[in-house]
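Chemist: Generate a structure from the sequence data that follows.
(chains A and B)
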Amino acid sequence: MGHYNPLFDPLAASFMNIIELLDQQFRQAMALAGIPDEYPSRIAASARPEFGDFQANGVLSAAKQLRLNPRELATRIVAHLDLANIAERVDIAGPGFINIYLNDAFIASAATQLYQQSSHHRGRASKVAKCAETIVVDYSSPNLAKEMHVGHLRSTIIGDALAKVLEYLGHRVVRQNHMGDWGTQFGMLIAELEEQLGEGEQPELALHDLENFYQQAKAHFDAAPDFADKARNYVVKLQSGDQHCRELWQQFINISVAHSEAIYRQLGVALSADDIRPESAYNSDLPDIVATLKKQGLAQVDQGALVVFIDELTDKQGQPSPMIVQKSDGGYLYATTDLAALRYRNNQLKADRVLYFIDARQSLHMKQVFAVARKAGFVDQQMRLEHLPFGTMMGEDGKPFRTRSGGTVKLADLLNEAIDKAAILIAEKNPELSEPERLDVAHKVGIGAVKYADLSKTRTNDYLFSWGSMLSFEGNTAPYLQYAYTRIRSILRRAETDDWTTVGSVTITGEAERKLILQLLEFDSTVALVARDGFPHTLCNYLYELASAYMSFYEQCPVLKEDVDTGLRNSRLQLCELTATTLQKGLELLGIETMERM
RNA sequence: GCACUCGUAGCUCAGCUGGAUAGAGUACCCGGCUACGAACCGGGCGGUCGCAGGUUCGAAUCCUGCCGAGUGCGCCA
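Modeler: A predicted model of the protein is given here:
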């Protein structure tokens, strides 16, 4: 696999991108200097201001691998480098660093171009994909046996952010909510529901608190052997299509799905009923999956169960990794369902790429499913299967998270608390907001804070759940970004006329403007990175730095007070507008809303 | 036993397939509202990047070993 440069992603190629531009010039110069083109220039923002704006780090590693003197090579490349009108200076420093000092006029013109583009599109324009793909994004996938709790937050909002990013880049995204509605535990729930309905309960009433209902059923199951037997019997009847069982199950599922959908609405997650493709949907495919595996000689009976031994996954002793696809009692497992889902995504959905946002603890399982699906030909060879794992939620004590009572925090409770807290803060800070506006803002701020707290952490690491960080509205948080946005909107409202939108161009008078523009120019490459790797925290960090650069600009550069005649007022208004649209688009991709005032 | 992940400031975390003097937030201290919105800005304090080797011009990053934490490994999902 070659080195990936996001700026050479064909999707990114259609727009002005400063790093891409530099990269192109460097590739040319490197080619002229006799460097094979598999060596990337690796243009990156410089670590320190005294090292210029950008540096080309690839030259040093190329020199190393080609066993050339790095300083000499750098000199040769710079001699071929054409950055006229782009850089005012290119230095070679230390062992062979190439430092690029951009021309202010060039930066200003890049900003102007970007502004005109975004103003023409009425916002940050989405890229037109040259090679749009069909990408299945499998996320959220709650277990319908229980109420959604905070542990479901990650898959739901990270998956949703990725879906939005991929759509923004022009891909065809197919959301799949692989809801868990078909496990063994549903026998238990049906048995409990039957008993409670027998006592005259209405299903809506019995199930108004899903979590509580589940606990009742579980306690009943553990305590009463005859109840447990009945439950197990119900599983078999349910999966073989028994009418009565199916009806009870359906009542349960309806209420549980409605609960999930209420959470999605509150979160602003773009998962609809159409995206639900639950485990039960694959029930009728399972016998054929197993029969195919048997026919191909991939599955064999071992200790009573039907097992696929995966040669591609072996341990140090060369033992192939086993995956059970059918239990000794004939029942199927979630591995079987996952295989059926993959075949569906290949044959029906025609996916080029499938992304799974699932807990890291399922890593082995996902590897097994992918390997078997390929061996069995359930998916085309070129289809890209990616498990994008996330870490376990930990408690303050560093152990897997539990509340004092040993339970989990309901997602609904967390969201309501965040909104309530935001409402109190808003009433304090901005009492003149009307009641309806305050409620609206409280919702956006509270939900935004919760989502950002999660999205801004590296996906793959374990993460600490704390009310404090989830409900924080200061520092590197969503409200900080939202606040930056409202400050800009406030200026733009006060500008009154809109002559500035079409007259004049961006000019640079100081460091604050320069930094702000350089940050604005990195939006596209940041989004491309998120689409490739599936780490939304990269975008969070970018937006925080953007908002931060704007806040400094705001302190140092008066906007409305500037003289119209010098053109500076228009220049700064355009920068404000460009920052606002970039913040808004970035937050939108993360699923976080903005507002006019807060 | 085997496998995967992780260990960075008091706390919570960034650090982009090796780059120059390791950065934010928070907490604490100092300064800034008769100012385009102070949910903000500027400054200070704070780190043997778990430990020890190795690879090289250069290591938080790559390799090996050790210590510590979490997770997974044929009939739950």
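Chemist: Residue of the stretch 201-350 of chain A nearest RNA strand B, please.
Modeler: Proximity of the stretch 201-350 of chain A to RNA strand B (CB to the nearest atom of the strand) peaks at residue A:327, 2.8 Å away. Bear in mind the C-beta positions are built from the backbone N, C-alpha and C, glycine included.
Chemist: pLDDT value on residue A:449, please?
Modeler: We have a pLDDT of 97 for residue A:449.
Chemist: Excluding chain neighbours, give the residue nearest to it in space.
Modeler: Leaving aside its sequence neighbours, residue A:449 sits nearest to residue A:478 (CB to CB, 6 or more residues apart in numbering; 5.0 Å).
Chemist: burial count for that neighbour?
Modeler: Other residues near residue A:478 come to 29 when the count uses other CB atoms under 10 Å.
Chemist: quick one: residue A:40 and residue A:56 touch, right?
Modeler: No: judged on CB atoms under 8 Å, residue A:40 makes no contact with residue A:56 at a distance of 9.4 Å.
Chemist: what residues are up against the residue of the stretch 201-350 of chain A closest to RNA strand B?
Modeler: Taking CB atoms under 8 Å, 6 or more residues apart in numbering, we find residue A:327 in contact with A:305, A:333.
Chemist: can you list the residues of the stretch 151-300 of chain A near RNA strand B?
Modeler: Residues of the stretch 151-300 of chain A lying near RNA strand B by CB under 7 Å from any atom of the strand: A:180, A:182, A:183, A:184, A:185, A:279.
Chemist: quick one: secondary structure of the closest residue to the fifth one other than its chain neighbours?
Modeler: Looking back up the chat, that one is residue A:185. Nearest residue to residue A:185 in three dimensions, chain neighbours excluded: residue A:145, at 4.8 Å (CB to CB, 6+ apart). When classified by DSSP: H, G, I helix; E, B strand; the rest coil, residue A:145 comes out as coil.
Chemist: Return the backbone torsion pair for residue A:145.
Modeler: phi -70, psi -20 (degrees, to the nearest 10).
Chemist: re earlier: shouldn't the residue nearest to residue A:449 be in contact with residue A:452?
Modeler: Yes: Residue A:478 is in contact with residue A:452 according to CB under 8 Å; the separation is 3.6 Å.
Chemist: any shared contact partners between these two?
Modeler: Counting by CB under 8 Å, 6+ apart, the residues touching both residue A:478 and residue A:452 are residue A:592.
Chemist: What is the burial count for the residue of chain A found nearest RNA strand B?
Modeler: Here chain A gets closest to RNA strand B at one residue, residue A:475, 2.1 Å apart by CB to the nearest atom of the strand. Each residue near residue A:475 was counted by other CB under 10 Å, and the total is 8.
Chemist: how would you label it: helix, strand or coil?
Modeler: coil.
Chemist: hang on, the earlier thing: neighbour count: residue A:40 and residue A:56, which is higher?
Modeler: Comparing residue A:40 with residue A:56 by other CB under 10 Å, the one with more neighbours is residue A:56, at 28 against 22.
Chemist: which ones are touching the more buried one?
Modeler: Counting by CB under 8 Å, 6+ apart, residue A:56 has contacts A:22, A:26, A:41, A:42, A:43, A:77, A:98, A:100.
Chemist: Generate a PyMOL selection restricted to the buried subset of those.
Modeler: Restricted to buried positions by 16 or more other CB atoms under 10 Å, the PyMOL selection for those reads:
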select buried, chain A and resi 22+26+41+42+43+77+98+100
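Chemist: any idea which of the contacts of residue A:56 is the one closest to residue A:152?
Modeler: Closest approach to residue A:152 among these (CB to CB): residue A:42, at 38.4 Å.
Chemist: Now that closest one. Nearest residue, chain neighbours left out?
Modeler: That would be residue A:58: by CB to CB, 6+ apart, it lies 3.5 Å from residue A:42.
Chemist: ditto for residue A:217
Modeler: Closest to residue A:217 by CB to CB, 6+ apart is residue A:192, at 3.7 Å.
Chemist: The longest helix along chain A: which residues count as buried?
Modeler: For chain A, the longest helix by residue count, based on DSSP state H, is helix A:243-267. For helix A:243-267, the neighbour count (16+ other CB under 10 Å) marks A:245, A:248-249, A:251-253, A:255-257, A:259-260, A:263-264, A:266-267 as buried.
Chemist: same check, this time on stretch A:489-501
Modeler: Counting neighbours by 16+ other CB under 10 Å, stretch A:489-501 gives A:489, A:491, A:492, A:495, A:500, A:501 as buried.
Chemist: same deal with stretch A:513-522?
Modeler: For stretch A:513-522, by 16+ other CB under 10 Å, it's A:513, A:514, A:515, A:516, A:517, A:518, A:519, A:520, A:521, A:522.
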